[in-house]
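Undergrad: next comes the sequence, and after it the predicted model I'd like to discuss.
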Amino acid sequence: MVENRPFLNILTHLVLIAGVLVVAFPVYVAFIASTHEPSAFVRGVLPLLPGDNMFESYGQMLSSGWKVGGTPPVWLMLGNSLIMALTIAIGKIAISILSAFAIVYFRFPFRMLAFWIIFITLMLPVEVRIIPTYAVVANLGMLNSYAGLTLPLIASATATFLFRQFFMTVPEELMEASRVDGAGPMKFFKDILLPVSITNIAALFVIMFIYGWVQYLWPLLVTTDEDFYTIVLGIKRLMASSDRVPAWNLIMATVTLAMLPPVLVVLFMQRLFVKGLTETEK
C-alpha cells in the first residue's frame with residue numbers, strides 16, 4: 001500500500017514545475033527575441049514581453065530567408081531537414097529490424113560473428129570515419145544530394161542490438177505455431193513480429209528522427225548548394241555573419257521554427273515512445 005503524504009506530493013509537483021520552467025524559459029526567450037528588433041538585445045536589457053516585429057521576422061525567414069547571411073528560405077531548409085530525418089529514421093529502423101530478424105531466427109555460418117561486427121561499429125561513428133566516408137560519397141557523385149546526406153548515416157548498430165534483444169524475448173511457441181500453420185519466415189515476421197514490435201519501433205523512430213534532425217557536421221561537409229541546406233546548417237550560417245550585428249530576431253525566429261517538427265513528433269508519439277522504453281512484458 002502506498003501512503004498518501006501531502007507534503008511529498010506538493011514537493012514533487014514543485015520540483016516538476018521548477019524543471020519545466022528551467023527547460024521552457026530559454027524557449028520562451030527565443031520566441032520573445034524573434035518578436036523584437038535586433039537592437040533590443042544590444043542594450044543589455046532582456047525584454048520579457050512580445051514585441052510587434054513577429055510577423056515581419058517570421059514572414060521574412062519563411063518567404064525569402066536572409067540573403068546577407070547567405071541563408072535560403074526557412075521552408076526549404078525545413079523540408080530538407082524533414083527529408084533527411086525521415087529517411088534516416090525509417091532507413092535505420094528498416095535495416096536494423098531485418099538484420100536483427102536474420103540474426104535471431106536464421107541459423108547460418110558465422111551468425112554471431114556478423115552480429116559482433118555490426119555491434120563493433122558503435123565505436124566508429126561518422127565523426128571518426130568522416131574523411132574516408134566523404135571520399136566515398138564524393139567519388140560516387142553524391143555531394144549536394146539527398147542520397148549523400150542520408151545514406152552514410154542510415155545504418156544503426158544500436159537499433160540492431162535493441163531489436164535483437166527484444167526478439168530474443170518473444171516466446172518460441174509463436175514461431176512454432178506459425179510454422180505449424182504453414183507460415184514462412186517473412187509471413188511470421190510481418191504478421192507476428194512487426195505487430196508486437198510497434199512500441200519499440202515508435203521509440204526508436206522518435207530517437208532516430210531527432211538524431212537526423214540535429215545533424216550538423218555531415219551536412220556541412222557534403223552540401224555547398226543552398227537548395228540542400230538543412231535547418232541546423234542555416235542557423236549556423238545566420239550566426240556566422242560576424243561582420244555586422246547579428247540579426248537576433250531572424251536567428252531566433254529560425255530557431256523557434258526549427259524546434260516545431262521534433263516537438264510535434266514527440267507529442268504525437270509520446271504514448272508509444274514511453275511504452276517502448278518502459279514496457280518489458282509483451
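TA: Received the coordinates, thanks. Numbers count the residues shown, from 1 in each chain.

Undergrad: only C-alpha atoms from now on, for both contacts and neighbour counts.
TA: Fine.

Undergrad: buried ones in stretch 22-36, by neighbour count?
TA: If you call a residue buried by 16 or more other Cα atoms under 10 Å, then stretch 22-36 has these buried ones: 27, 28, 29, 30, 31, 32, 33, 34, 35, 36.

Undergrad: I'd like the residues you listed as JSON lines, with pLDDT appended.
TA: Rendered in JSON lines, the data for the buried residues of stretch 22-36 read as follows (pLDDT from 0 to 100):
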{"residue": "27", "pLDDT": "88"}
{"residue": "28", "pLDDT": "89"}
{"residue": "29", "pLDDT": "86"}
{"residue": "30", "pLDDT": "86"}
{"residue": "31", "pLDDT": "88"}
{"residue": "32", "pLDDT": "87"}
{"residue": "33", "pLDDT": "83"}
{"residue": "34", "pLDDT": "84"}
{"residue": "35", "pLDDT": "86"}
{"residue": "36", "pLDDT": "82"}
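
Undergrad: closest one of the residues you listed to residue 253?
TA: For those, the minimum distance to residue 253 (Cα to Cα) is 4.7 Å, reached by residue 34.

Undergrad: tell me, how many residues neighbour the nearest residue to that closest one once chain neighbours are set aside?
TA: With Cα to Cα, 6 or more residues apart in numbering as the measure, residue 249 is the residue that lies nearest to residue 34, at 4.0 Å, once sequence neighbours are left out. With neighbours defined by other Cα atoms under 10 Å, the count for residue 249 comes to 26.

Undergrad: one step back: inside helices: which ones of the buried residues of stretch 22-36?
TA: Using DSSP state H, the members of these that fall within helices are 27, 28, 29, 30, 31, 32, 33.

Undergrad: please produce CSV containing the buried residues of stretch 22-36, extended by distance to residue 265.
TA: Converted to CSV, those look like this (distance: Cα to Cα, whole Å):
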residue, distance to residue 265
27, 17
28, 20
29, 22
30, 20
31, 20
32, 24
33, 25
34, 23
35, 25
36, 29
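
Undergrad: fine, thanks again, bye for now.
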